[in-house]
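S.K.: A predicted structure for the sequence below; I have some questions about it.
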Amino acid sequence: MKSILKTLMLGSLVVASIQAKAQKASLLDLTKNSESITGKKSYLNTPYVTAGDRLYMVGHQNGQFPDLGWHVTGEMGGIWDHPIKLMDGFSAKIQANGTARCLDQATSFVNFPYGNKHIYQDILPNLSIQRFQFVPDKTEAVVVEYTFENHGTSPQTLEFEFTGHSDLRPVWLGERNNMIDAEDKATWQNTSQSWVIKDQKNPWYVQFGANISAKSYHQNTSDCQFKSQGLGTKASLIYNIVIAPKSKFILPIVIAGSYQSEEAVTKTFGNIQKNASVLLQQKIKRYESIAKQSALTVPDKKLEQAFRWVKYNTDWLVRDVPAVGRGMSAGMPDYPWWFGTDAEYTLKGLVATGKKDLVYDAVEVLNKLSEKENGNGRIVHEVSSNGVVFNPGNVNETPQFASMIWEIYQWTGDKSFLQKYYPTIKKGLDWLLKENDKDRNLLPDGFGMMEIHGLNSEMIDVAVYTQKAFADAAQIAKLVGDSEQALQYERNASQIKHQINTDFWVPESQSFADFIGTREQTLHLIDDAIVRADTLQKPWAVAELKQLKSNVEVLPVGIKKGFALHHNWVVNTPMEMGIADPEKAKLALVNARKYTNPFGAFVTGIDRDESSNSEEAPATFVRKSFTYTGAVMTLPTGVTAIGENNYGNPDGALWYLNKMTKTFSYVLPGAIYEVSPDYGMMCQAWNLYSYATPIIKQFFGVQPQAGSKLIVIQPQMPSTWNNAKIENVQIGDNSLSMSYQKVSSVLKVDFNQTKSSWRIKVQYPKGKFTTWKLNGKTIKPESSEEFDFIWISGLKNKVEVL
């Protein structure tokens, strides 16, 4: 495109307007009372996200925008307004006294819950620069504010050049619904002093500029070695800046987008320029409310901080595309769209941390997309943000949907919610057995959580989640009046539970099997696993697999049984769901500890390495390239922690949580990576499940039955937690706060709720305590086969046991 150069000579009027602007308050001033975390200098060359539900920005902590990601190769960074991308990013440079500096090497990076900041120290003598950015809620725009600070005793005059690099292009799988990219063209808008860039064949727009007049503007000159691919263009804005001694100058840049019309982008651009300060204050307050919901106070302050920020991380991943829906995306930067599995874990944590409206939206979009694609109750696996389904669903996702719906109901008590989704559950469970259970033994065949080639027979996680689905669906069927179906679901659940504890149990491995398969299928999988283990230089695994192969080879042709071959993390799902026989569960949980490293549980146990014998986390753990082979991940770690709690070992659960917490802020300050400690997605939605479930439901023992206005409480705290508190846990229309204290052999729990009509049932294992006190008075508890318990009501109560 032909280069355009125009210069506006504004003289003293420009300087006067700029100096007046410099006296105004900055957005950064509004962040002074907010919590923040400063990143490590060693990880400045790694990604961050400036999050918003409509738009977000991904770059590197040093201020650059390199090519990132693989779904659209190299294009997953930059600024996205799903279902399109707006920009590959932007660059900036300053010139003063004949010296030019590009702002691409920030000296530090600071993350806030709602935005972030890059700091450029001593960029020129007596000059430092801060770049703060945030995305207003429900808005297709990002605000990037530069603060120039003159530390000297003389005025400083400099030229600042901001260059936007457009790349208006469709999201992954865009070609499947006729989203075809074309060249971008930039047009200067003198009235708004901004650039408007349009894709030539689509109504896709990006607009950027400041709220002061530019000294000049131009297109397509080389700029700070910014590398960009695709059919985009670049356009620059130049400003003259005068900074008084010992003072600051503030320059806010607004970048707005639309995938619908120029009118829409212009309206957004103008609104954000006028209201950025108010919108930031609103976002800050909203994040303060996130912190207050299910607010945790425990002795381990790093775990406490990690739990709070995991709630923030989850909010970073909300994806709202009005034409498709609003819900939870999976992770940044390569999974910014919707997944069945990820939602089914995440929403269980989300509903326990007070986000009912978002939970309802996320369930609706998942159900709608699944119905449109499949129409038979099968739940989709992965859907791009333009609504195109990539994978119509792995087998585990359909039963997990049923259990997710039941869990949400337990927290909300909303019977209409059950009635709305029961038809999907009923159709899905019917599809599960009719289409996937070839031998009609109630164990569906097909891929579950482990996407290993050939591992698609009767998988342990599919069996476990199917058992739980039938047990939960039985409860749902009863409540919606489908009593005959409830009985059948109960029979199925009972039979599958028996099969899991018999057919899937491998005594010689003290573990549940990865899968049930034929002799021939297993030999093929063993050969593949030997190649994998040998390639990874795991001689212990090669020896174990060769011994297993010799054992399998002598089995009769066609025999079908369970095998502990890969030691995949999913062998711990029977404990996660609490359906393993207690004696088997304890053996399996001890065995599971062999397949961990300082950061958590291996995805595939045969990948474990020498770090499995260490509890100390290395100072740096940088991967040179991305791979899931040899990975330790947060979900397997959280699942195993939940399993430990289910079988009465909160110290074991805390052991796993502490491993995960070692990865908190390891790379991106305030976040936990998908693959521990430092690769994969920089933040991952299902981390919330791995924290909220063991902490809220198990340590504090909050087991809601909102439909009956009942909360069952069974605290089981780690031995090192003598004081712990959880506040503002939303259950139905009630809010519960608990304060736990252990003094010698006495356990004290204070309860506060906002609805006096709700009942609380406090229970402990039968015979564990001999004396019970309610509000200072000794009382005799009631007893069941498993528990001693008391009933309490009213707004405030104190329970003591010893």
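M.R.: That came through fine.
S.K.: Okay, now the unreliable bits of the stretch 451-600 of the chain?
M.R.: Applying pLDDT under 70 to the stretch 451-600 of the chain flags no residue at all.
S.K.: Now for the residue lying closest to residue 569 once chain neighbours are set aside, how many residues are close by?
M.R.: In space, residue 569 comes closest to residue 636 once its chain neighbours are excluded; the distance is 3.4 Å by C-beta to C-beta, 6 or more residues apart in numbering. For every residue, glycine as well, the C-beta is placed using N, CA and C. Residue 636 is flanked by 29 other residues according to other C-beta atoms under 10 Å.
S.K.: same thing with residue 423?
M.R.: Neighbours of residue 423 (other C-beta under 10 Å): 13.
S.K.: and it, what element?
M.R.: Element membership for residue 423 (DSSP states H and E) is helix 415-436.
S.K.: So what does the residue nearest to residue 569 have for phi and psi?
M.R.: Taking degrees, to the nearest 10, you get phi -60, psi -40 for the backbone angles of residue 636.
S.K.: Contact partners for it?
M.R.: Applying C-beta atoms under 8 Å, 6 or more residues apart in numbering to residue 636 gives the contacts 569, 572, 600-603.
S.K.: let's see 6 Å
M.R.: 569, 601, 603 (C-beta atoms under 6 Å, 6 or more residues apart in numbering).
S.K.: Next one: the second one from residue 566, what distance?
M.R.: Pointing back at residue 601 there. Distance of residue 601 to residue 566, computed by C-beta to C-beta, to the nearest Å: 13 Å.
S.K.: and the residue nearest to residue 647 when sequence neighbours are not counted, how many neighbours does it have?
M.R.: Spatially, and ignoring its direct neighbours in sequence, residue 647 is nearest to residue 585 (4.7 Å; C-beta to C-beta, 6+ apart). By other C-beta under 10 Å, 23 other residues sit near residue 585.
S.K.: Disregarding flanking residues, what is the spatial nearest neighbour of residue 398?
M.R.: Per C-beta to C-beta, 6+ apart, closest to residue 398 is residue 428, 4.3 Å.
S.K.: was I right about the one you found contacting residue 400?
M.R.: No - applying C-beta atoms under 6 Å, one finds residue 428 not in contact with residue 400, separated by 10.0 Å.
S.K.: and the closest residue in space to residue 30 that isn't next to it in sequence, how many neighbours does it have?
M.R.: Leaving aside its chain neighbours, residue 30 sits nearest to residue 280 (5.5 Å; criterion: C-beta to C-beta, 6+ apart). If you count neighbours by other C-beta under 10 Å, residue 280 ends up with 21.
S.K.: Would you check how far apart the closest residue to residue 421 other than its chain neighbours and residue 754 are?
M.R.: Leaving aside its sequence neighbours, residue 421 sits nearest to residue 405 (C-beta to C-beta, 6+ apart; 4.9 Å). When distance is defined by C-beta to C-beta, residue 405 is 26 Å away from residue 754.
S.K.: With neighbour numbers in mind, choose between these two.
M.R.: Each of residue 405 and residue 754 has its neighbours counted (other C-beta under 10 Å); residue 405 has more, 25 against 13.
S.K.: orientation of the helix or strand where the more buried one lies relative to helix 415-436 in degrees?
M.R.: Element membership for residue 405, per DSSP H and E: helix 397-412. Helix 397-412 and helix 415-436 are oriented at 160 degrees to each other (axes from the mean of the first three to the mean of the last three C-alpha atoms, to 10 degrees).
S.K.: Check which residues of the helix or strand hosting residue 729 are buried.
M.R.: Assigned by DSSP H and E, residue 729 falls within strand 723-731. By neighbour count on 16 or more other C-beta atoms under 10 Å, the buried set for strand 723-731 is 724-731.
S.K.: For residue 597, see how far away the residue nearest to residue 641 when sequence neighbours are not counted is.
M.R.: In this structure, residue 641 finds its nearest non-sequential neighbour in residue 656, 3.7 Å apart by C-beta to C-beta, 6+ apart. To residue 597, residue 656 is 12 Å away according to C-beta to C-beta.
S.K.: what about those two, which has more around it?
M.R.: residue 656 (27 against 23).
S.K.: my read: that one touches residue 642, true?
M.R.: No - assessed by C-beta under 6 Å, residue 656 is found out of contact with residue 642, at 8.9 Å.
S.K.: can you map out the helices along the stretch 351-500 of the chain?
M.R.: Assigned by DSSP state H, counting those that start in this stretch, the stretch 351-500 of the chain shows helices spanning 356-373, 397-412, 415-436, 460-479, 483-502.
S.K.: now those helices as JSON lines including distance to residue 775?
M.R.: Below are the helices of the stretch 351-500 of the chain laid out as JSON lines (distance: least, C-beta to C-beta, whole Å):
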{"stretch": "helix 356-373", "distance to residue 775": "31"}
{"stretch": "helix 397-412", "distance to residue 775": "27"}
{"stretch": "helix 415-436", "distance to residue 775": "33"}
{"stretch": "helix 460-479", "distance to residue 775": "33"}
{"stretch": "helix 483-502", "distance to residue 775": "40"}
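S.K.: How about the residue nearest the centre of the chain: what's its closest non-neighbour residue?
M.R.: The centre of the chain sits closest to residue 685, judged by C-alpha atoms, centre = their mean, with a distance of 1.7 Å. The shortest distance from residue 685 to any non-neighbouring residue, by C-beta to C-beta, 6+ apart, is to residue 346 (4.2 Å).
S.K.: Give the residue spans of the protein that score low on pLDDT.
M.R.: 1-24, 222, 610-614, 616-626.
S.K.: Mark out where each domain of it begins and ends.
M.R.: 5-288, 293-514+564-697, 519-559, 700-801 (automatic domain parsing).
S.K.: Pick the most deeply packed of those.
M.R.: domain 293-514+564-697 (a mean of 21; mean count of other C-beta atoms under 10 Å).
S.K.: now the end-to-end length of that domain.
M.R.: One end of domain 293-514+564-697 sits 15 Å from the other (C-alpha to C-alpha, to the nearest Å).
S.K.: ok now that domain, how far from the chain's centre?
M.R.: 12 Å (C-alpha atoms, centre = their mean, to the nearest Å).
S.K.: Determine how far the top strand by length along the chain lies from the middle of the whole chain.
M.R.: Criterion DSSP state E: the longest strand present in the chain is strand 156-170. Remark: strand 156-170 is offset 31 Å from the chain centroid, using C-alpha atoms, centre = their mean.
S.K.: Who are the packing partners of that strand?
M.R.: strand 84-96, strand 234-243 (3 or more C-beta pairs under 6 Å, 6 or more residues apart in numbering; DSSP states H and E).
S.K.: can you list those in CSV and add distance to residue 743?
M.R.: Listed next are those as CSV, based on distance: least, C-beta to C-beta, whole Å:
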stretch, distance to residue 743
strand 84-96, 56
strand 234-243, 59
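S.K.: quick one: which of those strands is nearest residue 700?
M.R.: Nearest to residue 700 among the helices and strands packed on strand 156-170 is strand 84-96 (42.7 Å), distances taken as C-beta to C-beta.
S.K.: tell me the angle of that closest one relative to strand 156-170?
M.R.: Using the same axes, to 10 degrees: strand 84-96 against strand 156-170 is 160 degrees.
S.K.: and the next element down the chain from strand 84-96?
M.R.: strand 99-102.
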